[in-house]
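>>> Generate a structure from the sequence data that follows.
(one chain, ligands or ions: 1)
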Amino acid sequence: MDFDFNDEQREIRDLIRRVAVDKIAPRAREIDASAEYPQDMFDLLRELGLFTLPFPAEFNGSNSMLSACVAVEELARVCYNTAYLLVVQWTPFGAILAGGTDAQKQRYLPGLASGALRAAFSLTEPQSGSDVAGIQTRAERCDGGYRLNGGKIWCTNSPVSDFILVAAKSGGEAARGVINFFIVEPGMEGFEIGAKEDKMGARGIPSCALFFDDVFVPEENRLGPEGAGFKIVMEALNLSRPIIGARGVGLAQGAMDHATQFVKNRQAFGQTVSDFQGVRWMLADMAIQTEAARNLVYKAAAAVDAGVRGPELGSMSAIAKCHATDTAMAVAENAVQLFGAAGISNEYPINRYFRDAKVLQIVEGTNQIQRNIISRTLLK
Ligand SMILES: Cc1cc2nc3c(=O)[nH]c(=O)nc-3n(C[C@H](O)[C@H](O)[C@H](O)COP(=O)(O)OP(=O)(O)OC[C@H]3O[C@@H](n4cnc5c(N)ncnc54)[C@H](O)[C@@H]3O)c2cc1C
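Here you go, the predicted structure:
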């Protein structure tokens, strides 16, 4: 698989690297500390025209998963939350592009591409996260549409969103049922967004519970054909798994950048900490792990761009996500260790990397679920 960067990818990397250092890195600590939504970072990403990056040229995108990974990696290197702003915009975009009707695409995609609209994606419920089929939010048919009842948790971006893609089940009470996505808008009667979670990581982008009390959703707000939209959307979203790996690679690289600087400037036992061989080997191992993860992520992204699909891609993407996010955790943990007590202090940036890395092992399919995908492919 060839994943040499083309000119466009090099330009994206260099542009984001410049902006990241000048404008994003100085904001990262405050976004994490205050847990306030970074509207200024959203505006910056909009100015840079990045909300459409992975998508086709008709939306001014580069139609490249590798380009998307490069952008996310460079952002996550300095600010996980800013990288997250891109990913939360891309998820509903990808879902509507893959599973939406023509009218839905026309109505929502130009706004999502330009940043004029924001959206969120809601599957998880109190009793079912990994077990997607176990959702209990109901969508009962009624005149002209559906009535939604139930509740969701962990819906990221929901309080700032113009609409939310909500998964709900129709059919008999006990059935595993038919799942559809519905476009739910704030202000629909009976729909409420709860208070935001107080999170350990990913603090800048709010995650909230959602409540549905007999919410009427018109038929045209069901994503795609009855019963088929859900499968199409989930398959399309599987294609974007390398992006989560790219967040891990960027995070690991950023943690390593900070740790390297720190040990070069810290003295102990009359010498610079970076002169101890034990410390040098730790840094070397961190670099080896990060570079290996980067190669897996680029390979999976290039495979998506080359049109590889099915179990081969599923396993490759799961390996990339799992390894890159486990690497982010391991590297961030060692980076905190190299900072000594300063690693524990909020005065220094490094424990933010540690906290954000933990989130990555859990979101978008936990790393145990990724291992299930990988072993299923091996054993079939
Ligand atoms: C910061 C953040 C943002 C999020 N944003 C969103 C969002 O925008 N929209 C949304 O829908 N959800 C979102 N989520 C929810 C996330 O997708 C779920 O947390 C995740 O899918 C895991 O589900 P769970 O928490 O219910 O854990 P569970 O599924 O209950 O799992 C508990 C533990 O059991 C393990 N486990 C479960 N099943 C298996 C199995 N078959 N084999 C081995 N181990 C297993 C899991 O790996 C985990 O360790 C977010 C979560 C976080 C932390």
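
>>> Contact partners for whichever residue of the chain sits closest to the ligand?
Ranked by Cβ to the nearest ligand atom, the top residue of the chain for proximity to the ligand is residue 129, at 1.9 Å. (Glycine included, C-beta is placed from N, CA and C.) Each residue near residue 129 by Cβ atoms under 8 Å, 6 or more residues apart in numbering is listed here: 154, 366.

>>> Write out the residues of the stretch 1-150 of the chain neighbouring the ligand.
Residues of the stretch 1-150 of the chain lying close to the ligand by Cβ under 6 Å from any ligand atom are 120, 121, 122, 123, 124, 129, 130.

>>> State the distance from the residue of the chain closest to the ligand to residue 363.
Applying Cβ to Cβ, to the nearest Å, the value for residue 129 to residue 363 is 10 Å.

>>> Also residue 218?
31 Å.

>>> Is there a neighbour count for the closest residue to residue 358 other than its chain neighbours? I'd like the number.
Nearest non-adjacent residue to residue 358, counting by Cβ to Cβ, 6 or more residues apart in numbering: residue 201, 5.8 Å away. When neighbours are defined as other Cβ atoms under 10 Å, residue 201 has 21 of them.

>>> So for residue 201, what's the pLDDT?
On the pLDDT scale, residue 201 is placed at 98.

>>> ok, now residue 340?
Residue 340 is given a pLDDT of 98.

>>> Doesn't it belong to a helix?
Yes - counting by DSSP: H, G, I helix; E, B strand; the rest coil, residue 340 is part of a helix.

>>> what's the burial count for the closest residue to it other than its chain neighbours?
Leaving out its chain neighbours, the residue that sits closest to residue 340 by Cβ to Cβ, 6+ apart is residue 266, at 7.7 Å. When neighbours are counted by other Cβ under 10 Å, residue 266 registers 15.

>>> residues in contact with residue 266?
Taking Cβ under 8 Å, 6+ apart, we find residue 266 in contact with 272, 273, 274, 340.

>>> just checking, which of the residues you listed belong to strands?
Applying DSSP state E to these, the entries found in strands are residue 272.

>>> before we move on, back to that, in terms of neighbours, single out the busier of residue 218 and residue 363.
residue 363 (20 against 12).

>>> returning to that earlier point: the contacts of residue 266, buried ones only, as a PyMOL selection?
Of the contacts of residue 266, the buried ones can be selected in PyMOL as follows, counting by 16 or more other Cβ atoms under 10 Å:
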select buried, resi 273+274
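
>>> Which member of the contacts of residue 266 is positioned nearest residue 39?
Among the contacts of residue 266, residue 340 lies closest to residue 39 (Cβ to Cβ), at 35.7 Å.

>>> how about the helix or strand containing residue 31: buried residues?
Element membership for residue 31 (DSSP states H and E) is helix 25-34. For helix 25-34, burial by neighbour count (16+ other Cβ under 10 Å) applies to 25, 27, 28, 31, 32.

>>> list the contacts for the fourth one?
When the contact criterion is Cβ under 8 Å, 6+ apart, the partners of residue 31 are 38, 41, 79, 81, 82, 203, 204.

>>> Give the full set of residues in contact with the nearest residue in space to it that is not next to it in sequence.
In this structure, residue 31 finds its nearest non-sequential neighbour in residue 204, 4.0 Å apart by Cβ to Cβ, 6+ apart. Counting by Cβ under 8 Å, 6+ apart, residue 204 touches 31, 32, 35, 36, 37, 38, 81, 82, 84.

>>> how much space between the closest residue to residue 78 other than its chain neighbours and residue 199?
Leaving out its chain neighbours, the residue that sits closest to residue 78 by Cβ to Cβ, 6+ apart is residue 25, at 4.1 Å. Residue 25 is 21 Å from residue 199, where distance means Cβ to Cβ.

>>> again, but for residue 291
30 Å.

>>> Looking at the two, which one has more neighbours?
More crowded of residue 291 and residue 199, by other Cβ under 10 Å: residue 199, with 17 against 14.

>>> what's the more buried one sitting at in phi/psi?
Dihedral pair for residue 199: phi -100, psi 150, per degrees, to the nearest 10.

>>> Quick check: phi and psi at the closest residue to it other than its chain neighbours.
In space, residue 199 comes closest to residue 207 once its chain neighbours are excluded; the distance is 6.6 Å by Cβ to Cβ, 6+ apart. Backbone dihedrals for residue 207, given as degrees, to the nearest 10, come out at phi -120, psi 130.

>>> Could you pull up the residues touching the residue lying closest to residue 360 once chain neighbours are set aside?
Spatially, and ignoring its direct neighbours in sequence, residue 360 is nearest to residue 325 (4.0 Å; Cβ to Cβ, 6+ apart). Contacts for residue 325 (Cβ under 8 Å, 6+ apart) come out as 244, 245, 247, 248, 357, 360, 361, 367.

>>> and the gap between residue 325 and residue 147?
38 Å.

>>> ditto for residue 350
Distance from residue 350 to residue 147, by Cβ to Cβ: 49 Å.

>>> Those two - which one has more neighbours?
Comparing residue 350 with residue 147 by other Cβ under 10 Å, the one with more neighbours is residue 350, at 21 against 18.

>>> Next up, the contacts around that one.
255, 258, 259, 262, 332, 335, 336, 339, 342, 343.

>>> Am I right that the first one falls within a helix?
Yes - under three-state DSSP, residue 255 sits within a helix.
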